[in-house]
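Q: Got a predicted structure here, sequence first:
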Amino acid sequence: MDIYLVRHSTPDIPKGVCYGQADIDVTDSFDREVSRLKGILPENSQCYSSPLKRCIKMADYLSSDYQVDDRLMEMSFGEWEEKEWTTIDQTALNEWMTNFVSSRVPNGESFNDLISRAIDFWEELTETRASGNYIVYTHGGFIRSIVTHLLSMPPEKVYSFHLDFASVTKVGIHNKQFRLEYLNR
C-alpha cells in the first residue's frame, strides 16, 4: 500500500492572515503548481479529499473520482479564521502559541484535536483498505499530524519540517510496517 499525502496549492489569501477551515480559493498559479504533480502521482489510485475548495479543485484537476471526508480538513481556528494575526488579541494568541498542542482556539480546535481526526482517518484507511495506491488531497496540518504520529515525534515538534504548497509526501506500508518514502516532493 502506498499513500500519497498531497497538500493543496497556494491559497488566495494575503500573508499574515489566519486561515484553517476557511473555504478560500487558490491563486492563479494553480495550473502551474498542480500540473507538475501529474508526473509524481500514480494513475489508478483511490482518492480522498478535504471538502474545502482548495483541495476539491486539486482533486477535480488530478482525479476522475474521489471521496470527500471532513476529517481531512485543516485545523479550525474558530473565531480567528480570516483575521490578520496582528489583530488577534495578543494575550490570547501568546497563550495559545505556548501550548498550541492542547489549547483550543476560541470556538476552534487544538492541534491534538486535529491529530485525533487525522489518526482516525489514517487508521481506517490503513486497516480496512487493500493494497494499492491511495491519494489524499489535504492540508499542511493534516500531513504534519500524520508524519509526526508515524515518526513518534512529540506534537510540539510538528513545525520542525517544511511542507510546500502543492507538494507530495509518500508513505509506503508493507507487512503492516510503514516507511516514509519522501517528504515535501
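A: Cool, the structure landed. Numbering: from 1, shown residues only.

Q: Quick check: buried residues in the helix ranked longest in the chain?
A: In the chain, taking DSSP state H as the definition, the longest helix is helix 111-128. Buried positions in helix 111-128, judged by neighbour count with 16 or more other Cβ atoms under 10 Å: 111, 113-115, 117-118, 121-122, 125. Bear in mind the C-beta positions are built from the backbone N, C-alpha and C, glycine included.

Q: helices or strands up against the next helix-or-strand element following it?
A: Downstream of helix 111-128, the first helix or strand assigned by DSSP states H and E is strand 133-138. Strand 133-138 makes packing contacts with strand 2-7, strand 46-49, helix 53-62 when contacts are defined by 3 or more Cβ pairs under 8 Å, 6 or more residues apart in numbering; DSSP states H and E.

Q: Given the shortest one, what are its sheet partners and their directions?
A: The pairing partners recorded for strand 46-49 under DSSP bridges are strand 67-68 (parallel), strand 133-138 (parallel).

Q: Relative to residue 23, which of the ones you listed is closest?
A: strand 67-68 (12.8 Å; Cβ to Cβ).

Q: The helix or strand following the closest one: how far from the chain's middle?
A: Following strand 67-68 in sequence order, the next helix or strand is helix 90-98 (DSSP H and E). Between the mean C-alpha location of helix 90-98 and the chain-wide mean there is a distance of 23 Å, by Cα atoms, centre = their mean, to the nearest Å.

Q: the inter-axis angle of helix 90-98 versus helix 111-128?
A: Between helix 90-98 and helix 111-128, the angle comes out at 40 degrees (axes from the mean of the first three to the mean of the last three Cα atoms, to 10 degrees).

Q: Tell me which residues of helix 90-98 come out buried.
A: Using 16+ other Cβ under 10 Å as the test for burial, helix 90-98 gives 93, 96.

Q: Stretch 56-67 too?
A: Applying a neighbour-count criterion of 16+ other Cβ under 10 Å, one finds 56-59, 62-63, 66 buried in stretch 56-67.

Q: what's across from residue 169 in the sheet?
A: The partner residues for residue 169, given DSSP bridges, come to residue 5.

Q: Now do the contacts for it.
A: 4-5, 7, 143, 147, 163, 180, 182-185 (Cβ atoms under 8 Å, 6 or more residues apart in numbering).
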